[in-house]
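> what's the 3D shape of this:
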Amino acid sequence: MRLVLQRVSSASVSVDGEVVGEIGRGLLVLAAAGHDDSAETVAKAARKIADLRIFSDAEGKMNLSVTEVAGEVLVVSQFTLLGDTSKGRRPSFVKSAPGPVAEPLVDELVAQLGRLGLSVAKGRFGANMQVSLVNDGPVTLVVDLP
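A predicted model of the protein is given here:
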């Protein structure tokens, strides 16, 4: 599973002009599931998202997690994160899990984040989504999980 975590002041995702998910301060998580991802991978991803210390403490050091700052999380599925651009001019998406495999994994990621006590919003799997965000920092991290 590949994740892109963006620390945000706010973020939203829309489909056909309708906002389907939005958050205030927290993390925008773009998530791509691969062929080898499993429930174990999703559990690791949820724990990483909840525990990664990327929010500033009183001294301005990145020492606090999204959980510790009572932040929110917006999860948006994005299979293109696993695109391979090493050959030619057109990316290959063969590393991305097909929709029927990936969708339950992304849904489980959202569910596990909720069970960890986070307020979670999400996009609409497979839809043409428009994502809006206000960076906080900016802080952007790529997380690859085996």
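
> can you list contacts of the strand or helix carrying L27?
For L27, the element it lies in under DSSP states H and E is strand 26-32. Residues from elsewhere that reach strand 26-32, judged by Cβ atoms under 8 Å, 6 or more residues apart in numbering: 1-8, 11, 45, 49, 66, 69, 71-82, 96, 102, 106, 109, 119, 131, 133. (Each C-beta comes from the backbone N, C-alpha and C, glycine too.)

> buried only: go through those for me.
1-8, 11, 45, 49, 66, 71-79, 81-82, 96, 102, 106, 109, 131, 133 (16 or more other Cβ atoms under 10 Å).

> now the residue of the chain most remote from its centre: how far from V94?
Taking Cα atoms, centre = their mean, the residue of the chain most remote from its mean C-alpha position is G88, at 28.0 Å. Distance of G88 to V94, computed by Cβ to Cβ, to the nearest Å: 13 Å.

> again with D84
Note on D84: its distance to V94, by Cβ to Cβ, is 7 Å.

> sorry, back to before: okay, the residue farthest from the centre of the chain: pLDDT?
According to the prediction, G88 has pLDDT 93.

> could you look up the SS state of it?
Put simply, G88 is coil when judged by DSSP: H, G, I helix; E, B strand; the rest coil.

> residue nearest the centroid of this structure?
Of all residues in the chain, the one closest to the mean position by Cα atoms, centre = their mean is V29, 1.9 Å from it.
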